[in-house]
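Undergrad: dropping a prediction and its sequence here:
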Amino acid sequence: MKILKDLLYTEEHEWVSVEEDVATIGITDYAQGELGDVVFVELPAVGTEVKQMESFGTIEAVKAVSDLFAPVSGQVVEINEALADQPELVNKDPFVDGWMIKIKMSDSSELESLLKADTYKSMIS
Amino acid sequence: MEIKKTGFYDIHQQLGAKLVEFAGYFMPIQYRGIMEEHRRVRSTVGLFDVSHMGEFFVFGAQALPFLQKMTTNDVSKLAINQVQYSTMCYENGGIVDDLLVYRLADDRYMLVVNASNLKKDWEWLNSHRTSGVSLEDRSDACSLLALQGPKSFATLQKLTDLDLQQIPFYWLREGEAAGVKMMISRTGYTGEPGFELCFPVEHSARVWAALMEAGKEFDIEPIGLGARDTLRLEMKYCLYGNDIDADTNPLEAGLGWITKLAKGDFIGRESLLRVREQGVTRKLIGFSMQGKAFPRHGYRIFSGMQPVGTVTSGSFSPILEKGIGAGYVPAALAAVGTPLSIEIRNTQAPAVVCETPFVKRSPQ
């Protein structure tokens, strides 16, 4: 199972990649493996305000449905349009092509509450 | 309680299956992925470990009258080597379990029951046992594999001298395959042509390896319980605990065809006669979703603003590539074409009652 060293993680199995004040968010390799084949990702519209640890969308697999939680607060500035036609990208490449949303953070100090790769790794093993 | 292992547990582990506890057993939920496994069974052939299912043997001079009393289908119609789908009911018509009844000899039968109901069924049968009837639970001694898909004949035929084409749908033969004496029945839970193989647990590894080798040229894959569930739902086959249970009766579940009210007395008959006289108040329907919405067990079914029922089974259909489901609604809303909606996270997703099976296949 893949865990990328330079990302931040949540206990809800999202990953966060930060570039200046924009956080890119997806779900982890572990999460996609647990869910199984993803068939639909419901994402918020660009412009939506999200709050840390509140649901920003849902992910539907063949046999399971799960909420997606915002690791940080802010405004959604971009969503991964490719997931509409190719939800399987979340299974195939959860850390790159399977990204979900980008949030312009309103409070970057929230990043401190996220998990480092090592901590996340020990949580799932 | 310790979780049991089937005779294929080590194989599942070696294959990297995702194992979960199901009905007291470690069972593979998936190997490579539900979607791929599902399509493999519909397009070529797949192999399922279903050894968690229970096998009860019923024998003795009174075996037939006993089974006539305990089950809803007409056991007297079974020839030797014939198999029958049936249910057991409570006095009030609620369903104890659905099962297969195999007639193995004059007064010898095998019942294949749901793993989740094994203990309950065993106690139910024993509490009604009469003299002249012997019951034996051989579940732990029996391995059960399902070989399903259009290439299941070609796969199994390589391993046996029996002419498999001579076994009609819902019949069985006892014979050798892969050098192991077994029961081979033309049964399954997928809607595809296929077989279920019942043999002593000590031969598990040998039979599995032989089938995987014989099926190699057809790209055979092991199939987990996840795909088993999506395959059965596409056929709208009932799953006990979801679509049928002690609070549903076979008539409203669409199982009138295995409920032979005219065969004579059986447990639940009086209640079911009343249901038939008065007409069923609700029916188990199949519905499909419009758009990207996926029904799940427990979601509420609406007609307009009115909650009218609950989803009993629901999933993404890998073949139709849309949401499909089953659930009970008032009989007046059960006609094909009736518009309904499913409450999914506070929104109403449009659905329509559709013809079933959802996917047209011919298991015969």
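TA: Done, it's in. All values derive from a computational prediction rather than experimental measurement.

Undergrad: what comes up buried for stretch B:353-364?
TA: By 16 or more other C-beta atoms under 10 Å in any protein chain shown, the buried positions in stretch B:353-364 come out as B:353-354, B:356, B:358-359, B:361, B:363. All C-beta atoms are positioned from the backbone trio N, CA, C, and that covers glycine.

Undergrad: any idea how far the residue nearest to the spatial centre of chain A is from B:Lys18?
TA: Central residue of chain A (C-alpha atoms, centre = their mean): A:Gly26, 2.4 Å from the mean position. Look at A:Gly26 and B:Lys18: by C-beta to C-beta, to the nearest Å, they are 21 Å apart.

Undergrad: likewise for A:Ala23?
TA: A:Ala23 sits 31 Å away from B:Lys18, going by C-beta to C-beta.

Undergrad: cool, and B:Ala177?
TA: Distance of B:Ala177 to B:Lys18, computed by C-beta to C-beta: 29 Å.

Undergrad: B:Ile3 now?
TA: Separation of B:Ile3 from B:Lys18 (C-beta to C-beta) stands at 15 Å.

Undergrad: in terms of neighbours, single out the busier of the two.
TA: Per other C-beta atoms under 10 Å in any protein chain shown, whichever of B:Ile3 and B:Lys18 has more neighbours is B:Lys18, with 17 against 13.

Undergrad: near chain B, which residues of chain A show up?
TA: A:33, A:36-37, A:39-40, A:42, A:58, A:60-63, A:65, A:91 (C-beta under 8 Å from any C-beta of the partner chain).

Undergrad: filter these down to the buried ones, ChimeraX style.
TA: Buried residues among the residues of chain A next to chain B (16+ other C-beta under 10 Å), as a ChimeraX selection:
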select /A:36,37,39,40,42,58,60,61,62,63,65,91
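
Undergrad: for the chain, which segments count as helices?
TA: Because you didn't say which chain, this covers chain A. Taking DSSP state H, the helices of chain A run over residues A:29-35, A:82-85, A:89-92, A:117-124.

Undergrad: wait, chain B was what I had in mind.
TA: Counting by DSSP H, chain B has helices at residues B:9-14, B:34-43, B:63-70, B:118-127, B:152-157, B:204-214, B:225-234, B:269-278.

Undergrad: can you redo the ones you listed as TSV with mean pLDDT, mean neighbour count and distance to A:Thr10?
TA: Below are the helices of chain B laid out as TSV (pLDDT from 0 to 100; neighbours: other C-beta atoms under 10 Å in any protein chain shown; distance: least, C-beta to C-beta, whole Å):
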stretch	mean pLDDT	mean neighbour count	distance to A:Thr10
helix B:9-14	98	15	30
helix B:34-43	97	22	26
helix B:63-70	98	21	53
helix B:118-127	98	15	41
helix B:152-157	98	21	45
helix B:204-214	98	18	40
helix B:225-234	98	25	26
helix B:269-278	97	14	52
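
Undergrad: of all the ones you listed, which one comes closest to chain A?
TA: Of all the helices of chain B, it is helix B:34-43 that lies closest to chain A, at 4.3 Å by C-beta to the nearest C-beta.

Undergrad: do the closest one and chain A meet?
TA: Yes. Helix B:34-43 comes into contact with chain A (C-beta under 8 Å from any C-beta), by way of B:34-36.

Undergrad: I'd say B:Glu221 and B:Gly33 touch.
TA: No. B:Glu221 is beyond contact range of B:Gly33, at 10.2 Å (criterion: C-beta atoms under 8 Å).

Undergrad: rewinding a little: and the residues of chain A next to chain B as TSV, adding pLDDT and distance to B:Trp208?
TA: Formatted as TSV, these follow (pLDDT from 0 to 100; distance: C-beta to C-beta, whole Å):
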residue	pLDDT	distance to B:Trp208
A:Gly33	93	25
A:Gly36	94	23
A:Asp37	96	25
A:Val39	96	30
A:Phe40	96	35
A:Glu42	95	40
A:Thr58	96	38
A:Glu60	96	33
A:Ala61	96	28
A:Val62	94	25
A:Lys63	86	25
A:Val65	91	33
A:Asn91	97	27
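
Undergrad: of all the residues of chain A next to chain B, which two lie farthest apart?
TA: The span of those, defined through C-beta to C-beta, is set by A:Gly33 and A:Glu42 at 20.4 Å.

Undergrad: model confidence for residue 112, exactly?
TA: This is for chain A. pLDDT for A:Glu112: 95.

Undergrad: not what I meant, chain B
TA: 98.

Undergrad: of the residues of helix B:34-43 next to chain A, closest to B:Asn242?
TA: The nearest member of the residues of helix B:34-43 next to chain A to B:Asn242, counting by C-beta to C-beta, is B:Ile34 at 16.7 Å.

Undergrad: the closest one is in contact with A:Val39, isn't it?
TA: No. Counting by C-beta under 8 Å, B:Ile34 sits too far from A:Val39 to count as a contact (9.9 Å).

Undergrad: overlap in contacts of those two?
TA: Counting by C-beta atoms under 8 Å, 6 or more residues apart in numbering or on different chains, the common neighbours of B:Ile34 and A:Val39 are A:Val62.

Undergrad: quick check: the residue nearest the centre of chain B vs A:Trp15, distance?
TA: The residue lying closest to the centre of chain B (C-alpha atoms, centre = their mean) is B:Tyr189, at 4.9 Å. Taking C-beta to C-beta as the measure, B:Tyr189 falls 38 Å from A:Trp15.

Undergrad: could you do B:Thr190 as well?
TA: Separation of B:Thr190 from A:Trp15 (C-beta to C-beta) stands at 37 Å.

Undergrad: what do you get for B:Ala210?
TA: Distance of B:Ala210 to A:Trp15, given as C-beta to C-beta: 44 Å.

Undergrad: if I pick the residue nearest to the centre of chain A, what's in contact with it?
TA: Shown in contact with A:Gly26 (C-beta under 8 Å, 6+ apart): A:14-15, A:90, A:94-95, A:98-100.

Undergrad: now rank those residues by neighbours and give me the top one.
TA: A:Trp15 (28 neighbours).

Undergrad: which residues are in contact with that residue?
TA: So A:Trp15 contacts A:4, A:7-9, A:25-28, A:94-95 (C-beta under 8 Å, 6+ apart).
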